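**Q** One predicted model, sequence on top.
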Amino acid sequence: MLKWIRKEEKISYSQCGEDLIVNFLFQTMRISHPSYLDVGAHHPRYISNTFFFYNNGCSGVCIEPDPTLMDYIRKVRKRDVCLNVGVGIGPEATAKFYLLSARTLNTFSLEEATRYQANGKQKIEKIIDVPLVSINKVIEEYFPSCPNFISLDVEGMDFEIIKSFDFSKYRPQVFCIETLTYTDDKTERKLVEIIDYMKACDYIPYADTYINTIFVDKSAWAQR
């Protein structure tokens, strides 16, 4: 019988192993203790792109607009700064946040929430007002320079947030961004506009798990 011998077994907490790919990038770039900004954290462990790093002694900032989910994140991720806010892209101080029956689909986008509900499998259970803060302001306030890793999953608002990001000031080495629309009828669409925009900002699409795309800063990667 053939037996596999594993010198070091790694457990992924991401949806499709994204955290292990990101970890490989940091190992290759010799970044041993990466910091992170998790936008749309949802859960401290389940389908988390950052818990692998937290579990290995790293820390960062988790952003989650759902107050119930945020309470649980705070209980588990005690080293992290946990912000019960949304990421804004304009001058508005608050926004309507749509809580759906599947909490992974919570969104600030009325269009997305209505589309999910129209498909018949989801329901808008509650609408709450949530304070907003810009992603650049979060980095300015909570990081000495900028995070090494940004995970972005905000159901319909990812591209708008990326367009508001100040790439001239902040250059995280790695991004993991959801680049697939969610549907119940398997008519999902790949968000190539996000991929093209990141390329234009000098980020290489290093890996794609169909749901998420992992980008690495071209300059940082060249210096590995």
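**A** Here it is on my side, so go on.

**Q** what's near enough to touch the closest residue to E193 other than its chain neighbours?
**A** Ranked by C-beta to C-beta, 6 or more residues apart in numbering and with sequence neighbours excluded, the top spatial neighbour of E193 is F159, at 6.0 Å. No exception for glycine: its C-beta is placed from N, CA and C like everyone else's. F159 sits next to L191, E193, I194, Y197 when contact means C-beta atoms under 8 Å, 6 or more residues apart in numbering.

**Q** How many neighbouring residues does the first one have?
**A** Using other C-beta atoms under 10 Å, L191 is surrounded by 18 other residues.

**Q** Please report how far it lies from R171.
**A** 22 Å (C-beta to C-beta, to the nearest Å).

**Q** ok, back up a step: show only the entries of the contacts of F159 found in helices.
**A** Applying DSSP state H to the contacts of F159, the entries found in helices are E193, I194, Y197.

**Q** picking up where we left off before, could you identify the most distant pair in the contacts of F159?
**A** The most widely separated members of the contacts of F159 are L191 and Y197, with 9.7 Å between them, by C-beta to C-beta.

**Q** Strands of the chain, residue ranges please.
**A** 36-39, 60-63, 81-83, 86-88, 94-100, 124-134, 149-152, 174-178, 203-208, 212-217 (DSSP state E).

**Q** would you turn the ones you listed into TSV with distance to F24?
**A** Shown next, in TSV, are the strands of the chain (distance: least, C-beta to C-beta, whole Å):
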stretch	distance to F24
strand 36-39	15
strand 60-63	19
strand 81-83	26
strand 86-88	27
strand 94-100	33
strand 124-134	31
strand 149-152	12
strand 174-178	10
strand 203-208	9
strand 212-217	10
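
**Q** Lowest mean pLDDT across these, which one is that?
**A** For the strands of the chain, mean pLDDT drops lowest on strand 94-100, to a mean of 87.

**Q** Please list the residues outside that strand that contact it.
**A** The contact list for strand 94-100, computed with C-beta under 8 Å, 6+ apart, reads 65-66, 86, 88, 106-110, 112-113, 116-117, 122-132.

**Q** if we go to 6 Å?
**A** Strand 94-100 is contacted from outside by 65, 86, 106-108, 113, 116, 122, 124-132, using C-beta atoms under 6 Å, 6 or more residues apart in numbering.
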